[in-house]
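# just coords:
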């Protein structure tokens, strides 16, 4: 675990928090709202809070890591791989700072997402998913492009960690924090921020893992357990959140699904769950919410 400790320190997280706060990308301190018992159909009586990153600039937490990544690099051209929220945040930042950018997307990505990312002025190229990484490596070599990793980058992870520090400003010692995994960068950053701040009794749970190596090293030190939720459980969570007035994309509701699915012992505990994104089309939402 010593190697994981050297990857990310509390000082790095605090510096990243300041960078994110000062960024001209207008990253906001998102609301942390209390959900009274009875507001949703949960049998467990716990003190439940939701951190609403679906209300963040570009509609997800990704802009936090992107803000820190861009602050550490003077100029492009930059290249990344993403068909989702990271690609949107990357494109938004590239346009804002006037950097040349390119986003590689799998040829199976929806046309709507391709068009959205391209609308920010970055070049978008769709290729077979198996060719994404080799193409990035070739462009980095031949055209001297700078690769920004969408999930397994220390600057990115530290930027995401700003969420953990924000949570502790309002709830100094939560019993449980539940975080969607995705690529592992968010979970690693939030978990490190909370544990390195001295919250030794806080249990941090990840939901739906697919982690990179740096993220995995950090998560393995600070995360208690990885939980799995089904597609049906996630859809039910999206529907439940919609009915209390929150528009949340399926991947952004995974941690909430684990909470309402009672996959953790929460009775009498103070619980924080991250709602990570709200980039869902009306058509997709109509198929989920009943």
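Right, received. Where do you want to start? The model shown is predicted, which means the values in this text are computed figures rather than measured ones.

# nearest residue to residue 183 other than its sequence neighbours?
Of all residues not flanking residue 183 in the chain, residue 151 sits nearest, at 2.6 Å (Cβ to Cβ, 6 or more residues apart in numbering). Where you see a C-beta, it was placed from the backbone N, CA and C, and this is true even at glycine.

# Just give me the neighbour total for the one you found.
Residue 151 sits with 24 neighbouring residues when counted by other Cβ atoms under 10 Å.

# helix/strand/coil for it?
coil (DSSP: H, G, I helix; E, B strand; the rest coil).

# Who are the contact partners of it?
Taking Cβ atoms under 8 Å, 6 or more residues apart in numbering, we find residue 151 in contact with 86, 182, 183, 184, 185, 211, 212, 215.

# Work out for me the element the closest residue to residue 222 other than its chain neighbours sits within.
The spatial neighbour of residue 222 that comes closest, neighbours along the chain excluded (Cβ to Cβ, 6+ apart), is residue 191 at 3.8 Å. With secondary structure defined by DSSP states H and E, residue 191 is part of helix 185-196.

# And that helix, what does it pack against?
Taking 3 or more Cβ pairs under 8 Å, 6 or more residues apart in numbering; DSSP states H and E as contact, the helices and strands that helix 185-196 lies on are helix 10-22, helix 154-160, helix 162-170, strand 176-182, strand 203-209, helix 213-222.

# highest average neighbour count across these?
Across those, averaging neighbours per residue (mean count of other Cβ atoms under 10 Å) puts helix 154-160 on top, at a mean of 29.

# which residues of the stretch 1-150 of the chain fall in helices?
For the stretch 1-150 of the chain, the helices defined by DSSP state H, counting those that start in this stretch occupy 2-7, 10-22, 62-71, 85-97, 111-118, 132-142.

# these two touch, right, the residue nearest to residue 222 and residue 167?
No - using Cβ atoms under 8 Å, residue 191 is not in contact with residue 167; the gap is 11.4 Å.

# okay, and the common contacts of these two?
Residues touching both residue 191 and residue 167 comprise residue 177, with contact defined as Cβ under 8 Å, 6+ apart.
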